[in-house]
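Below is the sequence, then the predicted model.
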Amino acid sequence: MGNGKLLEISKFAAPEIIFGFGATSQTGEGVLRLGARKVFVVTDDELLKIGWVEQVLKHLEDVGLDYEVWSNITSNPKDYEVIEGTDLYVKSECDAIVAVGGGSAIDAAKAIAVLATNGGNLKDFEGVNKITKPLPPMVMVPSTGGSGSEVSQFAIIVDSARKIKMTIISKSLIPDIAVIDPHLLYTKDSRLTASTGVDALCHAIESYVSLAATPLTEVHSLYAIQLISDNLRESVACRSNLEAKKSMAMASLQAGLAFSNAILGAAHAMTHQVDGLLDSHHGETNSILLPHVMEYNLIACAERYAKVSEALGVRIEGMSRWKAAEKSIRWVRRLFQDIGTPEKLSEIGLDESVIPQLAENALKDSCLVTNPRDAEKEDLIKLYTKAL
Ligand SMILES: [Fe+2]
C-alpha cells in the first residue's frame, strides 16, 4: 500500500454511466430526466461532418427537446472560445449542456457551464473547489477513448494570455450522465487513437501511484492498465476492431473514474505546460514524459510499480520487487514504440530555452501535489531536459 491508506476518509464521486454499443440513443431520455427544456450542444466540426452529432440531435428531438449547436472550438480549448460559447448559451436561453466530442469539447462544455452560472473569469476558478454556484445539468458523450473528462471533476482550459493550461478541479464539474458508445471511437484515425490511449494509460498509472489513491480508486486504475496493455495496439492497428474499441472505451472510463478521484502526478503537471505552450497533442506529450517520470518516481513506490507490471501482463514471479518495478517502465516504453508515439520533446518542437519557465509553471499545477515523490523546480528542469 502507498500513502493512500494513511488517509482516513475515502471518497468516490462519479456520474450516472450508460455504456455500450448504441448507448447514444439514450441521450435524449437522460437529458429530459434532468429537467432540461433547451439543450446547448457543444461539439467539433469534424464530428458534425461525419453525422454523429445529427444522430444525437435526433435523439433530443425524439423526446421533444429544443437545442442550439456550437462547435467553434479547437483541441486544447482556449479561454476566448469558452467565452464565445458562454455568450451563445446565455443568448439562446439554454438550460442544459450536452457535449459530443473528445476531451476538448467536454472540457469546453464544463467551462461554459461554470461561466454561465458563476460569472467572472475562468482564472477565478483555477485550482481546487472554487466553484460556488450549482451548474446546469450536463450530459457528456465522448468520441475518443482517453480523456476521461466525461466522468471527471477536471476541466483543463488554455489561458491564452499566459499560454498555460489552467486546471479547474471541483466536484461540481462531474457531469450528471456519461453516455459512452464505443461506436464513436471508430471516427478517430490511428494517431489520435494512439495518443488518447496513452493519455488513458497515463491516467491509470499516475492515479495508481498518487498520494491520494484509495482502495476505491486502485481497482479502477489497475483494470484500466490491464485493458490498455491488452488492447491499445490492436485498437491503433485497426479502426474496425470492435472488441479492441470497446475495451479501450472501458479502459478510458475506468482510468477516468480513478484519476478523477485520486488525481494525477508529475507527468500531467509537466505535460499541461508543454501543451499550453505548443498546442501539442496531450497524449503525445504524455508519451514522452511518462517513462521519465516513472523512473524518477521509482524510489518512492517500487511496490506499486511492481503491481503496475503485473497489471501490464509482465511475468514477475521470482523477481525482486525492484526488478519487477523497473519492468513496468520498460514495458510502457515498448508499448509506446509499438504504436509510434513521439519519444522526445524536441520532436514536437520544444526548445531547450523554455524549460526553466515550464518547470516554474509545472510547480504550480494541482497535479503535482499528489505525485508520490516530491519534486522541486530543479528536479522538473532535469526531467524536461532528459526528455528533450
Ligand atoms: Fe490526461
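That came in fine, so what should we check first? Everything numeric in this text was worked out from a predicted model, so none of it was measured.

Poorly predicted segments of the stretch 251-388 of the chain, please.
Within the stretch 251-388 of the chain, no stretch falls below the threshold (pLDDT under 70).

What are the boundaries of the strands in it?
Assigned by DSSP state E, counting those that start in this stretch, the stretch 251-388 of the chain shows no strands.

show me where it has helices.
All helices of the stretch 251-388 of the chain, identified by DSSP state H, counting those that start in this stretch, fall at 266-278, 282-297, 302-312, 321-339, 355-363, 377-386.

Take those and lay them out in JSON lines including mean neighbour count and distance to S170.
Every C-beta, even on glycine, is put in place using the N, C-alpha and C of the backbone. Shown next, in JSON lines, are the helices of the stretch 251-388 of the chain (neighbours: other C-beta atoms under 10 Å; distance: least, C-beta to C-beta, whole Å):
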{"stretch": "helix 266-278", "mean neighbour count": "26", "distance to S170": "17"}
{"stretch": "helix 282-297", "mean neighbour count": "25", "distance to S170": "20"}
{"stretch": "helix 302-312", "mean neighbour count": "22", "distance to S170": "27"}
{"stretch": "helix 321-339", "mean neighbour count": "18", "distance to S170": "31"}
{"stretch": "helix 355-363", "mean neighbour count": "19", "distance to S170": "21"}
{"stretch": "helix 377-386", "mean neighbour count": "17", "distance to S170": "26"}
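
what separates R233 from S247, distance-wise?
Distance of R233 to S247, given as C-beta to C-beta, to the nearest Å: 11 Å.

In terms of packing, which of the two has more residues around it?
Neighbour count, other C-beta atoms under 10 Å: between R233 and S247, S247 has more, with 21 against 16.

and the angle from the longest helix seen in the chain to helix 321-339?
Across the chain, the longest stretch assigned as helix under DSSP state H is helix 215-237. Between helix 215-237 and helix 321-339, the angle comes out at 30 degrees (axes from the mean of the first three to the mean of the last three C-alpha atoms, to 10 degrees).

buried residues in helix 215-237?
For helix 215-237, burial by neighbour count (16 or more other C-beta atoms under 10 Å) applies to 216-218, 220-233, 235-236.

Please save the CA atoms from that helix in PDB.
What follows is helix 215-237, C-alpha atoms only, in PDB (Å, rounded to 0.1, in the frame of the first residue of the first chain):
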ATOM      1  CA  PRO A 215      -9.000   1.300  -2.300                       C
ATOM      2  CA  LEU A 216     -12.000   2.900  -4.100                       C
ATOM      3  CA  THR A 217      -9.700   4.100  -6.900                       C
ATOM      4  CA  GLU A 218      -7.000   1.500  -7.100                       C
ATOM      5  CA  VAL A 219      -9.200  -1.200  -8.600                       C
ATOM      6  CA  HIS A 220     -10.200   1.100 -11.500                       C
ATOM      7  CA  SER A 221      -6.500   2.100 -12.100                       C
ATOM      8  CA  LEU A 222      -5.300  -1.500 -12.300                       C
ATOM      9  CA  TYR A 223      -8.200  -2.700 -14.500                       C
ATOM     10  CA  ALA A 224      -7.600   0.200 -16.900                       C
ATOM     11  CA  ILE A 225      -3.800  -0.700 -17.100                       C
ATOM     12  CA  GLN A 226      -4.700  -4.300 -17.900                       C
ATOM     13  CA  LEU A 227      -7.200  -3.400 -20.600                       C
ATOM     14  CA  ILE A 228      -4.900  -0.900 -22.300                       C
ATOM     15  CA  SER A 229      -2.000  -3.300 -22.300                       C
ATOM     16  CA  ASP A 230      -4.200  -5.900 -23.900                       C
ATOM     17  CA  ASN A 231      -6.000  -3.700 -26.400                       C
ATOM     18  CA  LEU A 232      -4.200  -0.500 -27.300                       C
ATOM     19  CA  ARG A 233      -2.000  -1.900 -30.000                       C
ATOM     20  CA  GLU A 234      -5.000  -3.600 -31.700                       C
ATOM     21  CA  SER A 235      -7.100  -0.500 -31.400                       C
ATOM     22  CA  VAL A 236      -4.400   1.600 -33.100                       C
ATOM     23  CA  ALA A 237      -3.800  -1.100 -35.800                       C
END
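
Check which helices and strands that helix is in contact with.
Helices and strands touching helix 215-237, as assessed by 3 or more C-beta pairs under 8 Å, 6 or more residues apart in numbering; DSSP states H and E, comprise helix 190-209, helix 242-262, helix 302-312, helix 321-339.

Can you lay out those as CSV showing distance to S152?
Output for these, formatted as CSV (distance: least, C-beta to C-beta, whole Å):
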stretch, distance to S152
helix 190-209, 9
helix 242-262, 4
helix 302-312, 21
helix 321-339, 22
